[in-house]
Each structure stands twice: as C-alpha cells, then as structure tokens.
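# Following is a predicted model, sequence given first.
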Amino acid sequence: MCSVTNISVLIFSSTYYGFYIHGRSAHGFADTDLVTLKAYLKKEAEEACGTRGLVPDGLERQTFRIAVPPSFRTCYDRLLAITHSAAANTKPFSVVSIF
C-alpha cells in the first residue's frame, strides 16, 4: 500500500530502534486516476517498469529494521515537536454558509 501511494513510513518501537517502510512508487508518482493506476499495476505485474525497492540490487526490499544514533533521535524529536506545535495552533475548519 505504501508504494502504491508513494508514502514512506518511519516507526519507532523504542527510542533508538524501529522500522522503515520504503514506499517509493515504481512510476514516480501516485496522484493519478484509477484507470492510470490500474495500468501501472498491470505494468508491474508484467515486469515492464522499475522495481519498488530502496537498494538497486535486484531485490525489492521495502522494509528495514533501523537503529538510529542519539543525534538523529534528537533532531527527529525536535522536528516532531515543531509539527505538533504548528498543528495545535491551526484553527479547525469551519463551514460558512453564504446563503
């Protein structure tokens, strides 16, 4: 699902250890209509396009166990705090009727 939607995921199961799912689409992008998506999946089934994997070794490895150093985790935590702060300061949508 991640590679079809072209989204990568980083999941921490502990402070410095976790998993990475590489969700690169073999087609470069995923924002398309269902007819095109179906054609893309058919190309993949026929092996008529690139692979989804991260490393160009012929294997389509998309999931990895990771161990990050403390400096990475510190930076990650800072970015996450900024994101949470920005989300908390965003006003929720309100529907305004013009009629």
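Alright, I've got the coordinates. In this text, all values refer to a predicted model and were calculated from it rather than measured experimentally. Numbers count the residues shown, from 1 in each chain.

# okay, CA-based contacts and neighbour counts for the rest of this
OK.

# From the rest of the structure, what touches the longest helix seen in the chain?
Longest helix of the chain, by residue count under DSSP state H: helix 70-88. The contact list for helix 70-88 (Cα atoms under 8 Å, 6 or more residues apart in numbering) reads 15-16.

# for it, what is the average pLDDT?
Mean pLDDT, helix 70-88: 89.

# mind listing what's buried in that helix?
Of the residues in helix 70-88, those buried under the neighbour-count criterion (16 or more other Cα atoms under 10 Å) are Arg73.

# Can you show me the CA trace of that helix as PDB?
Below are the C-alpha coordinates for helix 70-88, written out as PDB (Å, rounded to 0.1, in the frame of the first residue of the first chain):
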ATOM      1  CA  PRO A  70      21.100   9.700  19.600                       C
ATOM      2  CA  SER A  71      21.800  12.700  17.400                       C
ATOM      3  CA  PHE A  72      19.300  11.500  14.800                       C
ATOM      4  CA  ARG A  73      16.600  10.900  17.500                       C
ATOM      5  CA  THR A  74      17.200  14.400  19.000                       C
ATOM      6  CA  CYS A  75      16.700  16.000  15.600                       C
ATOM      7  CA  TYR A  76      13.700  13.800  14.900                       C
ATOM      8  CA  ASP A  77      12.100  14.800  18.300                       C
ATOM      9  CA  ARG A  78      12.700  18.500  17.600                       C
ATOM     10  CA  LEU A  79      11.000  18.300  14.200                       C
ATOM     11  CA  LEU A  80       8.100  16.300  15.700                       C
ATOM     12  CA  ALA A  81       7.700  19.000  18.400                       C
ATOM     13  CA  ILE A  82       7.600  21.700  15.800                       C
ATOM     14  CA  THR A  83       5.000  19.800  13.800                       C
ATOM     15  CA  HIS A  84       2.800  19.200  16.900                       C
ATOM     16  CA  SER A  85       3.100  22.900  17.900                       C
ATOM     17  CA  ALA A  86       2.100  24.100  14.400                       C
ATOM     18  CA  ALA A  87      -0.900  21.600  14.300                       C
ATOM     19  CA  ALA A  88      -2.000  22.800  17.800                       C
END
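
# could you pull out the strands for the protein?
Counting by DSSP state E, the segments of the chain that form strands are 9-12, 17-21, 63-67.
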